[in-house]
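Asks: Quick one: sequence plus predicted model below, questions after.
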2 protein chains.
Amino acid sequence: MHNSEAMALSAALLAVAGELTQRINAGVVARGFEGVRPAHGFAFTRLAPDGATVTELAVHLGVTKQAASQLVDDLVRKGFAERRPHPVDARARLVVLTERGWACTRAAEEVAGEVVQEWVGVIGEGEVRALRDRLGRIAPYGPIRPAW
Amino acid sequence: MHNSEAMALSAALLAVAGELTQRINAGVVARGFEGVRPAHGFAFTRLAPDGATVTELAVHLGVTKQAASQLVDDLVRKGFAERRPHPVDARARLVVLTERGWACTRAAEEVAGEVVQEWVGVIGEGEVRALRDRLGRIAPYGPIRPAW
DNA sequence: TCGAATGGTCAAGCTGCTTGACTACCTTTG
DNA sequence: CAAAGGTAGTCAAGCAGCTTGACCATTCGA
């Protein structure tokens, strides 16, 4: 496979990813969740199941724990999350989503569903599923790096 | 198609895109091009064929022309690009890549080729080509938005 | 030809991230 | 079971990249 093909794939991948991020963020904001940034969405995916500590969040986002702590400050100030005492470790604090945080997460899922539905309209449902499967197989396990 | 599937696709897509960006940048830096940021690569893709004006670059990157101008300052200072008088518009200046800028572009293509080759090893060449074709069909035409 | 639009830069300010230093708590080890 | 080192989190200061606002030079359009 030639480098030019690799670049075409890379360009398409990054363009689609950039637009998806843009669309999800715009859609969530349009649904009344003002002041949300894309980075918040990446944090939500880590906080969603059962909450997480600041350090865990920092690893997930690939930033320092200070940056993660500031992001949590922001989420708390905007009513999307709250800090609770950690059940087993008195040093740590468990960051969990508030009801508003869950509502924002659901809104993001809705918007993502809409965008993917557009793709279904273009290349068909089978191809979109194939896309999901292929990407799922080459996706890395490590931290999500939302910024470049 | 359910929202949960759309989210799985979105997560995989963003994870792959994030890792690709990370890998390309790290690889280019490892080949001796110090101080390059991912945003520089996105600028290169617009400057590569025949150069571009600052305003064109700003549209391509989805930022203000002031930000694009500062980025060009950075590229010039690091020896990747230079400003030339515009052939037909005395207001404008044409930003073109230097030889070092072209070398950096070629290095990025090499690294992208290596990463894509890894994907070929995981899902096979046919699947990677299919990935490129499907992504190419749903990729937007507008500006690349490298930041989220 | 003259007013409006465009290309570019300078300057100031903000935001999100980093490094460094510190406290509180946990865990390991003799 | 006490001391030493490691870990969770925050505070503080600094920096890099972006934004808005103002401005000049040049081009376009009525």
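Replies: Here it is on my side, so go on.
Asks: Return the residues in contact with A:Gly51.
Replies: For A:Gly51, the contact set (CB atoms under 8 Å, 6 or more residues apart in numbering or on different chains) comprises A:84, A:94-97. C-beta coordinates here come from the backbone N, C-alpha and C atoms, glycine included.
Asks: ok, now A:Arg23?
Replies: Contacts of A:Arg23 were listed using CB under 8 Å, 6+ apart, and they are A:111, A:115.
Asks: Next up, phi/psi of it, please.
Replies: Dihedral angles phi and psi of A:Arg23 (degrees, to the nearest 10) take the values phi -70, psi -40.
Asks: Which one (most neighbours) among the contacts of A:Gly51?
Replies: Per-residue neighbour counts (other CB atoms under 10 Å in any protein chain shown) across the contacts of A:Gly51 peak at A:Val95, which has 26 neighbours.
Asks: residue closest to the middle of chain A?
Replies: Closest residue to the average C-alpha location of chain A: A:Phe42 at 2.8 Å, with CA atoms, centre = their mean.
Asks: From DNA strand D, how far out is it?
Replies: Counting by CB to the nearest atom of the strand, to the nearest Å, the gap from A:Phe42 to DNA strand D is 17 Å.
Asks: wait, isn't that residue in contact with A:Gly62?
Replies: No - taking CB atoms under 8 Å as the definition, A:Phe42 is not a contact partner of A:Gly62, at 9.5 Å.
Asks: Which of the three states applies to the residue nearest to the centre of chain A?
Replies: helix (DSSP: H, G, I helix; E, B strand; the rest coil).
Asks: Next one, pLDDT for it please.
Replies: For A:Phe42, the pLDDT comes out at 94.
Asks: try A:Ser4
Replies: The predicted local distance difference test score for A:Ser4 is 83.
Asks: okay, now it: neighbour count?
Replies: A:Ser4 is surrounded by 11 other residues when neighbours are defined as other CB under 10 Å.
Asks: for the one 4 residues further on, same thing?
Replies: When neighbours are defined as other CB under 10 Å, A:Ala8 has 18 of them.
Asks: Not counting sequence-adjacent ones, nearest residue to it?
Replies: In space, and not counting its chain neighbours, A:Ala8 is closest to B:Arg132: 6.0 Å by CB to CB, 6 or more residues apart in numbering or on different chains.
Asks: What is the neighbour count of the one you found?
Replies: Using other CB under 10 Å, B:Arg132 has 20 neighbouring residues.
Asks: Against which helices or strands is the helix or strand hosting it packed?
Replies: Secondary structure here is read from DSSP states H and E; on that basis B:Arg132 sits in helix B:125-138. Helix B:125-138 sits against helix A:3-30, helix A:99-123, helix A:125-138, helix B:99-123, with contacts defined as 3 or more CB pairs under 8 Å, 6 or more residues apart in numbering or on different chains; DSSP states H and E.
Asks: Which residues in the third one does the neighbour count mark as buried?
Replies: Meaning helix A:125-138. Under the neighbour-count criterion of 16 or more other CB atoms under 10 Å in any protein chain shown, helix A:125-138 has A:127-128, A:130-132, A:134-135, A:138 buried.
Asks: Would you mind listing what in chain A touches DNA strand D?
Replies: Within chain A, the positions adjacent to DNA strand D are A:53-56, A:65-66, A:69, A:72, A:83, A:86, A:89, A:91-93 by CB under 7 Å from any atom of the strand.
Asks: go again using 10 Å as the cut-off
Replies: With CB under 10 Å from any atom of the strand as the criterion, chain A meets DNA strand D at residues A:51-59, A:64-73, A:76, A:83, A:85-86, A:89-95, A:148.
Asks: just the buried members of the residues you listed?
Replies: Burial by neighbour count, judged by 16+ other CB under 10 Å, picks out A:51-54, A:56-59, A:68-69, A:71-72, A:83, A:93-95, A:148 from these.
Asks: quick one: low-confidence parts of chain A?
Replies: Along chain A, the model assigns pLDDT under 70 to residues A:142-148.
Asks: what does it put close to DNA strand C?
Replies: Of all the residues in chain A, those in contact range of DNA strand C (CB under 10 Å from any atom of the strand) are A:35-40, A:42-43, A:58, A:61-71, A:73-74, A:85-86, A:88-92, A:145-147.
Asks: Sort out for me which of those are in strands.
Replies: Counting by DSSP state E, the members of these that fall within strands are A:Pro85.
Asks: Name the helix or strand for A:Val96, please.
Replies: Assessed by DSSP H and E, A:Val96 sits inside strand A:93-97.
Asks: No further queries at this time; thank you.
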